[in-house]
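Q: Give the three-dimensional model of this entry:
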Amino acid sequence: MAARTPQPRRSPKPRHSPWRRRIVRTFQVLVALGVLALGALVIAVYVTRSQLPSFDQLRSSPNGQMIRVHAADGSILVSLGPSYGQWLPYGQIPQVMRDATVSVEDRRFRNHPGVDPIGLARAAKVRWERGRWTQGGSTITQQLARNVFLSSQKKFGRKFREWILALAMERKFSKNQILELYLNKVYYGGGAYGIDAASRRFFGHGAGQLSLSEAAVIAGLVKAPSNYSPTADAEAAQGRAGVVLQTMVETGAITAAEAADADPQELKLEPAPRQNSVRYFTDWALPQLDLLIDEQDAPLDVWTTLDPAMQRAADAAIRAQTPTGTQGALVSLDRDGAVRAMVGGKDYVSSIYNRATQAQRQPGSAFKLFVYLAALENGHKPEDSVIDEPVTIEGWSPRNDSRRNSGAVTLRTAFAYSLNTIAAKLGQEVGFSTVADMARRFGITTPVNTHPSMVLGTSNVRLIDMTRAFASVASKGIAVVPYGITRVSADGETIYRHEVDRSRVLVAPYVAAQMTDLLQTAVNAGTGREAQIGRPVAGKTGTTSSAKDGWFLGFSSGLTTGVWMGRDNARPVAGLSGGRAPARAFAQFMRAAVAKRPIEQFETEVTLPEWQLEPDEESYFGAPDNQMFVDENGDPLAIDGETPAAPAAPDFEPRPAPPEEEAESPQRFDQDWIDRATGRDERPRRPAPRVEVPRDYDEEERPIQ
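A: Below is the predicted model:
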């Protein structure tokens with residue numbers, strides 16, 4: 001029996017490991033998800049494509065709203081918003097401009113479908129290396145989609161919508177159409193949209209005549225218009241243009257010889273329009289349009305209250321009178337609250353910070369306006385007698401500049417010479433919260449503390465708010481609200497007109513009249529004599545501790561003006577006091593501002609204080625006012641290791657004469673007595689000027705502020 005041939009044994013079917021099965025399954029899921037995502041992307045792109053405007057619609061759509069701002073006399077102060085040049089069809093755009101833009105912004109523009117995968121990979125690589133996003137990988141199409149349809153927020157959701165729009169635009173428009181839209185719509189800085197507006201803005205001619213160097217400069221602006229603007233930083237613009245030229249060489253758009261012949265440093269730039277102090281006013285007034293009107297697209301004509309002649313006078317006064325190394329600000333309001341002049345600093349170009357409306361500084365003794373208003377409303381009268389004596393309130397002991405106390409004085413005298421002890425006593429009597437309420441009633445919008453020292457102006461305020469308060473006093477106690485826009489028109493139709501509200505009464509007319517009486521005295525015989533202009537003026541000075549701030553606020557002939565001077569860093573200014581440079585700036589401005597206005601007498605007559613025997617000399621009571629000797633919290637400051645206490649209260653009775661002088665005639669309270677008391681008996685006397693004509697004070701003879 002033949003033996004059976006053994007059959008080969010079949011090897012068992014290999015069994016895959018669980019990990020391999022999971023990897024395969026995951027890959028299959030990812031492929032499926034990818035297919036679904038691709039399908040969703042295609043659907044989203046074509047749906048978006050169907051909703052995009054036509055090329056002609058995009059070409060005619062505006063880039064933004066243009067605003068022309070008119071002064072009170074109808075002249076144009078400034079034109080703001082986007083500037084549009086001539087639309088250039090693709091064939092009329094210089095080849096060097098097209099090549100420069102494509103080379104520096106999107107060198108694969110002709111090859112990608114709207115989104116550049118290579119650019120995205122490069123941006124991700126840089127992100128990985130540097131730990132932050134420094135490149136976005138955006139194509140020209142993406143930038144156009146963002147500029148036309150989206151915002152510039154750096155969020156992934158916005159970026160994803162940008163990709164969809166870019167892919168859809170590439171499906172709807174040709175590459176040439178996209179580049180034409182881009183070059184006519186992109187923002188190049190300086191308010192210029194499109195290459196023609198940019199060429200006219202920076203080089204003074206249309207884009208049709210752009211040279212290679214000029215095209216390189218303009219193409220380089222897109223990355224950062226504010227950093228590379230030729231008018232802001234010519235050196236940075238030239239350096240960026242060099243980068244553009246080198247990129248054009250790398251992409252073959254130009255030869256190395258052509259790049260070498262192009263010299264951006266030889267370009268002649270169109271001078272930028274002068275940004276004078278008018279911009280302080282427009283920067284303050286124009287944001288209010290959002291609250292006044294709803295029109296967001298049509299070009300607007302905005303008619304304002306600014307008086308060009310007054311503005312020039314205000315600018316000149318601040319420049320001439322502000323001490324070297326300091327800043328100054330001025331606001332002038334008409335009787336209805338119309339802002340006739342506003343200067344926020346000595347030079348708008350070097351500093352756009354508006355110190356008239358934004359800065360918050362201590363007002364010093366100018367804040368005593370609210371102390372005395374509260375006292376007058378509570379029954380006091382200018383002729384009331386009060387005792388100037390040492391006073392301590394909650395551990396705070398204010399003292400006068402002269403380091404003396406004067407005994408019984410009238411409120412008029414105390415206000416004229418800015419006696420700190422009297423202000424403290426009045427604040428304690430009526431209540432510090434009452435004084436704070438009075439300040440808020442008159443338009444102070446910043447927080448007002450209720451420490452006892454608040455009566456000397458330790459709360460920060462804005463110049464425009466303080467000027468508003470003085471204007472309300474001038475308006476016989478009726479609230480004055482500053483405004484800068486009188487009407488707005490769009491396409492020739494008035495869509496807004498300002499109406500003045502005169503219905504809100506802040507204090508009774510007699511209280512405002514009594515306050516005006518005190519303010520007149522301060523100018524005619526007290527701390528504010530430098531503010532005299534030859535016609536009735538009422539006002540008040542203010543100087544903060546260590547002479548960090550100087551103020552003068554006053555009114556005449558229906559115009560109220562406030563002036564502030566100091567350093568932005570709040571460092572002391574040697575010799576600064578409200579009665580000197582600020583008062584002189586007030587006087588210089590007001591002489592010009594009210595020159596064509598009729599002289600208006602106040603309802604109260606000028607009454608000199610009881611000490612005013614010789615107006616040119618006896619108003620002297622020491623250094624600038626409001627030497628508060630308190631910190632910003634109202635606590636007493638230590639001097640030489642000791643908290644200052646008010647000195648003993650000498651009165652105005654004759655002092656005992658030395659034994660060798662007993663036979664001489666009794667001493668009187670006259671000029672000689674004041675000279676000896678203040679240490680000026682050895683100084684030469686000057687003849688008394690007329691009260692209505694201001695004069696310059698020597699450094700050691702300035703009045704108390």
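
Q: which non-adjacent residue is nearest residue 310?
A: Among residues not flanking residue 310 along the chain, residue 341 sits closest, at 4.2 Å (CB to CB, 6 or more residues apart in numbering). Heads up, the C-betas are built off the backbone N, CA and C, glycines and all.

Q: Tell me what that neighbour is bridged to.
A: Residue 341 forms beta bridges with residue 332, as assigned by DSSP bridges.

Q: Any idea how many residues pack against it?
A: Residues lying near residue 341 (other CB atoms under 10 Å) number 30.

Q: Kindly provide the distance from it to residue 182.
A: 44 Å (CB to CB, to the nearest Å).

Q: now swap in residue 60 and tell me
A: 16 Å.

Q: Residue 268 too?
A: 27 Å.

Q: between the two, which one's more packed in?
A: Under the criterion of other CB under 10 Å, the comparison of residue 268 against residue 182 puts residue 182 first, with 24 against 7.

Q: surely the more buried one meets residue 101?
A: Yes. Using CB atoms under 8 Å, residue 182 makes contact with residue 101 at a distance of 7.4 Å.

Q: and for the two, which residues touch both?
A: residue 140 (CB atoms under 8 Å, 6 or more residues apart in numbering).

Q: Please save the CA atoms from stretch 541-554 in CSV.
A: Extracted in CSV, the C-alpha atoms of stretch 541-554 (Å, rounded to 0.1, in the frame of the first residue of the first chain):
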residue,chain,number,x,y,z
THR,A,541,-6.1,132.5,40.2
GLY,A,542,-4.9,129.1,41.3
THR,A,543,-1.5,127.7,42.1
THR,A,544,-0.9,124.3,43.6
SER,A,545,1.7,123.3,46.1
SER,A,546,5.3,123.4,44.9
ALA,A,547,4.1,125.4,41.9
LYS,A,548,3.1,122.4,39.9
ASP,A,549,0.1,124.0,38.3
GLY,A,550,-0.9,127.6,37.5
TRP,A,551,-4.4,128.6,36.7
PHE,A,552,-6.4,131.7,35.8
LEU,A,553,-10.1,131.6,35.0
GLY,A,554,-12.2,134.7,34.3
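
Q: Of all the residues in that stretch, which ones are buried?
A: Within stretch 541-554, the residues scored as buried using 16 or more other CB atoms under 10 Å are 541-545, 547-554.

Q: Off-centre distance for it?
A: In terms of CA atoms, centre = their mean, to the nearest Å, the centre of stretch 541-554 is found 21 Å from the chain centre.

Q: quick one: the helices in the stretch 101-250 of the chain?
A: 117-130, 140-149, 156-172, 175-185, 195-203, 212-219, 225-228, 234-250 (DSSP state H, counting those that start in this stretch).

Q: I'd like to know which elements the third one is packed against.
A: Using 3 or more CB pairs under 8 Å, 6 or more residues apart in numbering; DSSP states H and E as the contact test, the elements touching helix 156-172 are helix 18-51, helix 140-149.

Q: List the buried residues of it.
A: Buried residues in helix 156-172, counted by 16+ other CB under 10 Å: 159, 161, 162, 163, 164, 165, 166, 167, 168, 169, 170, 172.

Q: Could you do the shortest one as well?
A: Neighbour counts over helix 225-228 (16+ other CB under 10 Å) mark 225, 228 as buried.

Q: Packing partners of it?
A: For helix 225-228, where contacts count as 3+ CB pairs under 8 Å, 6+ apart, the packed elements are strand 187-189, helix 234-250.

Q: JSON lines please, covering the ones you listed and showing distance to residue 337.
A: Formatted as JSON lines, the helices and strands packed on helix 225-228 follow (distance: least, CB to CB, whole Å):
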{"stretch": "strand 187-189", "distance to residue 337": "37"}
{"stretch": "helix 234-250", "distance to residue 337": "43"}
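
Q: wait, residue 597 sits on residue 559?
A: Yes. With contact defined as CB under 8 Å, residue 597 reaches residue 559; the gap is 7.3 Å.

Q: Quick check on the two: which one has the bigger neighbour count.
A: residue 559 (23 against 12).

Q: need the contact list for the more buried one.
A: 332, 333, 334, 335, 340, 590, 593, 594, 597.

Q: May I have the phi/psi pair for it?
A: phi -120, psi 130 (degrees, to the nearest 10).

Q: Distance check, it against residue 527.
A: From residue 559 to residue 527 the distance is 21 Å (CB to CB).

Q: what's the answer for residue 317, then?
A: Residue 317 is 19 Å from residue 527, by CB to CB.

Q: Kindly report the same for residue 89.
A: Taking CB to CB, one finds residue 89 at 70 Å from residue 527.

Q: likewise residue 361?
A: Counting by CB to CB - residue 361 and residue 527 are separated by 19 Å.

Q: Now do the same for residue 14: its pLDDT.
A: Residue 14 carries a pLDDT value of 58.

Q: for stretch 73-87, how far is the first residue from the last?
A: With CA to CA, to the nearest Å applied, stretch 73-87 spans 34 Å between its terminal residues.

Q: what's in contact with that stretch?
A: Under CB under 8 Å, 6+ apart, the answer for stretch 73-87 is 59, 62-71, 184, 187, 190-201, 206-207, 278-279, 281-282, 286, 299, 303-304, 306-308.

Q: and with 6 Å instead?
A: Outside stretch 73-87, the residues within contact range by CB atoms under 6 Å, 6 or more residues apart in numbering are 63-71, 184, 191-194, 196-197, 200, 278, 282.

Q: cool, and stretch 260-269?
A: 202, 212, 213, 217, 230, 238, 241, 245.

Q: Ignoring the adjacent residues along the chain, who's closest to the first one?
A: The shortest distance from residue 202 to any residue that is not its chain neighbour, by CB to CB, 6+ apart, is 5.1 Å, and that residue is residue 230.

Q: Would you confirm that residue 364 contacts residue 455?
A: No. Contact criterion CB atoms under 6 Å: residue 364 and residue 455 do not qualify, at 11.0 Å.

Q: what about residue 404, neighbour count?
A: With other CB under 10 Å as criterion, residue 404 counts 21.

Q: you'd agree it is in a helix?
A: No. Read with DSSP: H, G, I helix; E, B strand; the rest coil, residue 404 is coil and lies in no helix.

Q: Spell out the residue ranges of the helices in the stretch 251-400 of the chain.
A: 256-261, 278-285, 289-292, 308-321, 368-377.

Q: Output those as TSV; include the columns distance to residue 462 and mean pLDDT.
A: Shown next, in TSV, are the helices of the stretch 251-400 of the chain (distance: least, CB to CB, whole Å; pLDDT from 0 to 100):
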stretch	distance to residue 462	mean pLDDT
helix 256-261	54	91
helix 278-285	11	95
helix 289-292	19	91
helix 308-321	17	96
helix 368-377	15	98
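
Q: Among those, which comes closest to residue 585?
A: helix 308-321 (3.8 Å; CB to CB).

Q: For that closest one, name the packing helices and strands.
A: Secondary-structure packing of helix 308-321 (3 or more CB pairs under 6 Å, 6 or more residues apart in numbering; DSSP states H and E): strand 327-333, strand 339-343, helix 581-593.

Q: among the ones you listed, which is nearest residue 505?
A: strand 327-333 (18.1 Å).

Q: who does the closest one touch, helix- and strand-wise?
A: helix 308-321, strand 339-343, helix 463-474, strand 559-566.

Q: Of all the residues in the last one, which ones are buried?
A: Taking 16+ other CB under 10 Å as the basis for neighbour counts, the residues of strand 559-566 that come out buried are 559, 560, 561, 562, 563, 564, 565, 566.

Q: Return the residues in contact with the closest residue to the fourth one other than its chain neighbours.
A: Using CB to CB, 6+ apart and skipping the chain neighbours, the partner closest in space to residue 562 is residue 467 (3.4 Å). For residue 467, the contact set (CB under 6 Å, 6+ apart) comprises 331, 333, 560, 562.
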